[in-house]
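Undergrad: What shape does this take:
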Amino acid sequence: MCSSTKHDAIYVQIINFCVSNILTGIFILPLTVYQILHVWELGQIVCRIFVVSDIVLPFVSTIIIINITCDRLLDITHPVLHAWLFQKSLLKVIVLTPWIVAVITVIPVWTSGLMPHGQVEYGCFILMSEESGILCTVLTYFIPLIVIVILTFQLILSKLQRSDVTNCSTNTNRNTCDNNLLAIAEVTSTTKTIPEHYSNTDNAHLATSNADSGSKRATAGNKPVDIVTVCSVNIVYATMWFPFQCVSIVYTLCDSSYCSLSPELTQVVTLLAAASAGVVPLIWLHDQKLKGNIKRICGKQTTTNLQDSVASGETYV
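TA: The predicted structure follows:
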């Protein structure tokens, strides 16, 4: 039970990541398709909400990805620091921090760079200054991208180093056990106690197999989320958003006709970025243990809410 509650922070962060992607899929993706295939007739208020949400929600997902990668990296390299930073009492702070940081970062940059333009009856047009457009793209994607690449590389290296140390220690233990068995065999052959020799050898083999199986169970139990899954999420998410962000910053920096792309290519990179909200969460489904633990947390939360409601009803009566 202690091991299950120890890693609740990583499961709650994954749920938080899926929530941000669900909001993107429900609100951003349909409006993106609508804007591409249809003349915008939803008004400028919905247009502004759509544009701001299209920046804030992906940035929230990016921050959560950084948090998840830091969680796994610290769990391997600094377990004590990880236990202190991602303790269960700080779950609400861990959940709310990406949303607060995204709003505080995006809203001031977006509002300060907003440029007035004539009233447009049809169409969704938002004019921003060049400085604000570049700053918003750099802050919400390219700087986090560098952080994700560095953390992912360190996570892979730490995982490989840990695997080497585990294999080395396992081989050392096996060699020690084999040497002990040889020493027992020599002693028993000298004293000519053949039955005891077989008994000791069998017991030693049994103890060795039990120790190996116990260490494997402990290693499996301490792995709440597969490192390969985390790295796959990072790579797929960054890759699907990269073309759109590059096109955005090119359009901001270059006013020449040579920098303009075909409408079809712009639509493809836009849809590719929006589709990441539906593609990336599917990668988590490959981790069977992760799905089981998320169901456990959701079921536990439902039971707690039900008990609270029953208790409040009894108090009222």
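
Undergrad: Pull the CA coordinates from the one helix or strand Thr111 maps to and hand them back as CSV.
TA: Thr111 is located in helix 91-112, with elements delineated by DSSP states H and E. Only the C-alpha atoms of helix 91-112 are listed here, as CSV (Å, rounded to 0.1, in the frame of the first residue of the first chain):
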residue,chain,number,x,y,z
LEU,A,91,-0.6,17.0,-5.2
LYS,A,92,-2.9,20.0,-5.5
VAL,A,93,0.1,22.3,-6.0
ILE,A,94,1.5,19.9,-8.6
VAL,A,95,-1.8,19.9,-10.5
LEU,A,96,-2.5,23.6,-10.4
THR,A,97,1.1,24.9,-11.1
PRO,A,98,1.1,24.2,-14.9
TRP,A,99,-2.2,26.0,-15.3
ILE,A,100,-1.2,29.0,-13.2
VAL,A,101,2.2,29.3,-14.9
ALA,A,102,0.7,29.1,-18.4
VAL,A,103,-1.9,31.8,-17.7
ILE,A,104,0.6,34.1,-16.1
THR,A,105,3.0,33.7,-19.0
VAL,A,106,0.7,33.9,-22.0
ILE,A,107,-2.0,36.4,-21.0
PRO,A,108,0.4,39.4,-20.3
VAL,A,109,2.4,38.8,-23.5
TRP,A,110,-0.7,38.3,-25.6
THR,A,111,-2.6,41.3,-24.3
SER,A,112,0.5,43.7,-24.4
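
Undergrad: all strands of the stretch 51-200 of the chain, in order?
TA: Listed in chain order, the strands of the stretch 51-200 of the chain (DSSP state E, counting those that start in this stretch) span 114-115, 127-128.

Undergrad: Please work out which of the ones you listed is packed deepest.
TA: By mean neighbour count, with neighbours taken as mean count of other CB atoms under 10 Å, strand 127-128 ranks first of those at a mean of 14. C-beta coordinates here come from the backbone N, C-alpha and C atoms, glycine included.

Undergrad: where along the stretch 51-200 of the chain do the helices fall?
TA: Along the stretch 51-200 of the chain, the segments classed as helices by DSSP state H, counting those that start in this stretch run 79-85, 91-112, 130-137, 143-191, 194-221.

Undergrad: Which one of these has the poorest average confidence?
TA: For those, the bottom mean pLDDT is recorded on helix 194-221, which sits at a mean of 46.

Undergrad: right, and the helix or strand after it?
TA: helix 227-253.

Undergrad: relative to helix 130-137, how tilted is that following helix?
TA: On the basis of axes from the mean of the first three to the mean of the last three CA atoms, to 10 degrees, helix 227-253 is oriented at 170 degrees to helix 130-137.

Undergrad: Only the buried residues of helix 227-253, if you could.
TA: 227, 229-234, 237-238, 240-245, 247-249, 252 (16 or more other CB atoms under 10 Å).
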